[in-house]
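> sequence and computational prediction follow.
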Amino acid sequence: MKEENIIKSSNDVNIFYKKDIPNNPKGIVIIVHGFAEHLGRYDYFVDKLNQNGFGCYRFDNRGHGKSGGKSLDLEDYIDFAKDADLVVQKAKTEFPNLPIFMFGHSMGGFITALYGEKFKDRLNGQILSGAATDEPLQSTAVLKWIINIGNKIFPKLRVKNDLSSLISRDSAVIDDYRKDPLIHDKATVRFFKQFIVEGITYLKNHAKEYNYDCLILHGKDDKIISYKSSENFYNNISSKDKKIIIYDNLYHEILNESDRDTVINDVITWLKSKDCVYSNESV
């Protein structure tokens, strides 16, 4: 079963989503992509999940890909979590008898963790990949000062933020990323204020409120978000069932490295360990 459509948010933004469901799914994974990218970059991951019996919902964050909203602009970071909840509620309505998980990469990992703090008991678990649970390595105290000042004066000023050379060790991945027409690298100052300053500060200050079963994954050679961010998050959350894997040598996009099948197998093994049960009663 494949579907693509639009869900309208409470503040009237069109959220574009895709649904890929195999026969007799044993669980649902909702995928939340990272900064500047879009859902289409997760085709390989979705195929692997489908082959192992897991259905997938994925969506473009507002201001990204084919979703509405001004490109890479954000009025309130909580809108990201609310948009994710629209997809969660859709999945729960369509597959009420199946366990539902959320996978988030990079900024999507921030959104996933934020969702975990804000929306408790709605999922059966979460997976974080290179999650922005702390400031990016490029975010210095001076840069945050500039963002704070800039947001007061020119909140809609666009700032180039091209980190494409740091996403993977694979030059073909970098080349495809740079040629992708749905990827943009200029975000507003307001976007960075909401994401890096306000959002991540909230996330860190409320880590104890997070208690989902979770699998935390990170590349040790990540040059965008330090793997120590994931270690700190792991140590500060209240989850009783939690696991962390740090992969030697991998860069930021661990699903786009030559070792990606190892990472995906770890994800699938963890999902299967959650005792997912096949159900023929799902819609």
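Received, thanks.
> who does the least confident helix or strand in the chain by mean pLDDT touch, helix- and strand-wise?
Lowest mean confidence among the helices and strands of the chain (mean pLDDT, DSSP states H and E): helix 141-153, at a mean of 80. Applying 3 or more Cβ pairs under 8 Å, 6 or more residues apart in numbering; DSSP states H and E, one finds that helix 141-153 contacts helix 189-192. Using the backbone N, CA and C atoms, a C-beta is placed for each residue, glycine as well.
> who does the helix it packs on touch, helix- and strand-wise?
helix 141-153, strand 158-160.
> could you dump those into a markdown table with mean neighbour count and distance to residue 44 added?
Formatted as a markdown table, these follow (neighbours: other Cβ atoms under 10 Å; distance: least, Cβ to Cβ, whole Å):
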| stretch | mean neighbour count | distance to residue 44 |
| --- | --- | --- |
| helix 141-153 | 13 | 33 |
| strand 158-160 | 14 | 28 |
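> ok, which of these comes nearest residue 41?
strand 158-160 (20.3 Å; Cβ to Cβ).
> pull the residues that contact that closest one.
72, 185-189, 192 (Cβ atoms under 8 Å, 6 or more residues apart in numbering).
> and which of these is nearest residue 133?
Out of those, the member with the shortest distance to residue 133 (by Cβ to Cβ) is residue 192, at 16.7 Å.
> OK, contacts around the closest one?
Residue 192 touches 147, 159, 161, counting by Cβ under 8 Å, 6+ apart.
> how about those residues in JSON lines, adding distance to residue 25?
Converted to JSON lines, those look like this (distance: Cβ to Cβ, whole Å):
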{"residue": "147", "distance to residue 25": "42"}
{"residue": "159", "distance to residue 25": "41"}
{"residue": "161", "distance to residue 25": "37"}
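> who touches the closest residue to residue 115 other than its chain neighbours in this structure?
Spatial nearest neighbour of residue 115, excluding adjacent residues (Cβ to Cβ, 6 or more residues apart in numbering): residue 81 at 4.7 Å. By Cβ under 8 Å, 6+ apart, the contact set of residue 81 is 111, 114-115, 118-119.
> filter those residues down to the ones in helices?
Among those, the residues falling in helices (DSSP state H) are 111, 114-115, 118.
> coming back round to it: may I see the helices and strands packed on helix 189-192 organised as JSON lines, with distance to residue 214 added?
Conversion of the helices and strands packed on helix 189-192 to JSON lines gives the following (distance: least, Cβ to Cβ, whole Å):
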{"stretch": "helix 141-153", "distance to residue 214": "27"}
{"stretch": "strand 158-160", "distance to residue 214": "32"}
